[in-house]
Every structure is written in C-alpha cells, then in structure tokens.
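[1] fold the stuff below for me.
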Amino acid sequence: MLQHHHLLYLVLFVYSFLPPLITSQWADNHYAGTQFIFYNGTISGRFVHPPGQSSCPDYHLGPHALTSLFVGVNPPWDDNPFFFDLYHISSTDSLVNTYDSIYNLEFTTAAYVCMKYDQPCGVVEFMPYWFLPVEMVNLTDTKVERVSVGAETGYRVRGDEKTWVGDGTVINDLEVRIPGEDTWQEGCMGSLHYTWNSSIPFTYDMTFSNTTASATFFLNAPYGALTLQFSGDRADSRPHKWPFPAIGLNTSNPTKPTFTYSNGTAFSFVHDPYDERCIEDCAITDLGSQGEEVVIFS
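    As a prediction, this is how the structure comes out:
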C-alpha cells in the first residue's frame, strides 16, 4: 500500500522530465507478496475540539468513497499471524488537490518501505534504492476473537497504542480539514495533521468476514479527538486494475484468522526470477526494486 501526500508544483515540474514511473514510500502490496481479501467502501468521521474550545462545533467528516481495507497475510518476514491495512487518499483524480475532509490516511500493520542509504525515500529518488520490510503493529498483543458478522462467521480485532512497534523510520499520519459545508470560526481548528505512535493514545476495532468488513479508528491529541469509521464489502477486482486472487477466510480457529486460496490450497511463497521482485517470499537480501527514477509522494 501507498502513503500519499500533496505534491508540490515543483515536483510536478521535475516529474515532467522523468519517465512515467510513480510510486511512493510504500510498495504496492502485490510487490510485497501479500495475499489478502480486499474490501472497498467508504470512510466517515467526527472531530471534537478539546474542552478549551467548547464553543467550537464538532466536525462531521464524509462519507468519502474509494476507501480500502486489506486483510490477509504477508510472507514470512512479517511475524504477525495476519495483517491489515486501512487506506484512503482522496476521492478525486487530481495529483495535487483533494476535496475530501479526510485524506492521506494509511494505517497498516506492516509494509515494504522505500529506502535509500538507510533513510526513507524522498520526493524524487534515483537508483540505487530498495524496499525494506517493516513491521509497525504487533498483532499478537491485540484481542482477536471469532464473532458473528451479519449472517457469517468472522473475526473482531481490537488494539491500542501499546501494540505499536514502529521505530520511527516511517512517519505515520493522516490529514483532516474542516468540511466544505461548515464555516470556520476564529479560534477553531481548520485543518489538522495527525500522527500516531506508542505514546499517542489511539485504538482500532475491526470486524471482517469473507464478504464484509468494518473498522473504527480513534485517535486522541491535545488539539482534539478524531474518530474514523470504515464500512465496505469484498471486491475481487477494481476498474482498470488487475483482478485480486480468490482468497478465502478460514474461521476454524477461535482466536486466529487463517487464509488460503478459495479452493483450499495453501499459499506457496516463491521468488520471481523474471523481475527480481518478491511475489510471495524472498530472503531479505533478495528484496529490491531498482529502476532509473522513482517519484515519491511526500
């Protein structure tokens, strides 16, 4: 998955001289070798000003479309029993502007991160650069239980900031701004840049089955409390994108979701000899994506 931020006009100018290869700090999860169920849906939220700004209104955010939840498994480099990734850039096609009140959101448990000389990639990078697998959340410290999700059996996963194990290599953040229908008031927040780590209180509460998923993400900060809610249904393809493999959720274990191909076949993690990417499993020394140029949304 990808972490996107506003592109400056300077970046667009530089990009106009580069081949059309755009990526981001995160590698695409097909590159990362993950196997997952993809849920497509909407995200909405509520921002509450702190007590010292009691005269300021609450902001009701969204709902915004084109929001995704990925749930599945990574190759063996990820120590977690499964992974998930909540993702929303915006609902516009523009590279520069977004008109959503929630944007640049990605909360993921583990991913490949673009690195150059032991530092996260910048806006524009030239080879050599590589992708390093990084774990951000320790899901063994979460509460996982088998539950009913509508008429199906699924799982509920709950955790908080104590499960965060990210080392600061990657900045984890999202942005919120006052909804267009609200009028800004003097002394009230107009736009926010949230970050989270093990010392900032946050919680996540997610349920999923073979066909549907929902998630609530709560983050508290001195300048206000933010609650985000996702709801979506499984989709095995996207317009103009590759089809997703048919992955099935096995609910036989009461405390751990497991995944196979829908025909019951287990995943076989292998290295792709043709383009040196990790289709499913590679040793860390084999990980790499080298190209002439890469443009990073930063």
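[2] please count neighbours and contacts with C-alpha atoms only from this point.
    Fine.
[3] which residue is nearest the middle of the protein?
    The centroid of the chain falls nearest to Glu106 when counting by Cα atoms, centre = their mean (3.3 Å).
[4] model confidence for it, exactly?
    Looking at Glu106, its pLDDT stands at 87.
[5] how about it, nearest residue that isn't a chain neighbour?
    Tyr87 (4.5 Å; Cα to Cα, 6 or more residues apart in numbering).
[6] now for whichever strand or helix holds the one you found, which elements pack on it?
    If you go by DSSP states H and E, Tyr87 is part of strand 83-88. Contacts defined by 3 or more Cα pairs under 8 Å, 6 or more residues apart in numbering; DSSP states H and E place strand 83-88 against strand 59-73, strand 105-108.
[7] touching, Ala246 and Ser237? I think so.
    No: if you go by Cα atoms under 8 Å, Ala246 and Ser237 don't touch, sitting 10.0 Å apart.
[8] picking that back up, I'd say the residue nearest to the centre of the chain and Ser90 touch.
    No: using Cα under 8 Å, Glu106 makes no contact with Ser90, being 11.5 Å away.
[9] just to revisit the earlier point, adding distance to Lys143, write the helices and strands packed on strand 83-88 out as JSON lines.
    Converted to JSON lines, those look like this (distance: least, Cα to Cα, whole Å):
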{"stretch": "strand 59-73", "distance to Lys143": "16"}
{"stretch": "strand 105-108", "distance to Lys143": "17"}
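[10] returning to what we had before: which residues touch the strand holding Tyr87?
    Applying Cα atoms under 8 Å, 6 or more residues apart in numbering, the contact partners of strand 83-88 are 1, 66-74, 102-110, 139.
[11] 7 Å instead?
    66-74, 103-110 (Cα atoms under 7 Å, 6 or more residues apart in numbering).
[12] partner strands of it and their direction?
    Strand 83-88 pairs in its sheet with strand 59-73 (antiparallel), strand 105-108 (antiparallel), by DSSP bridges.
[13] what's the first helix or strand after that strand?
    Past strand 83-88, the next helix or strand by DSSP H and E is strand 102-103.
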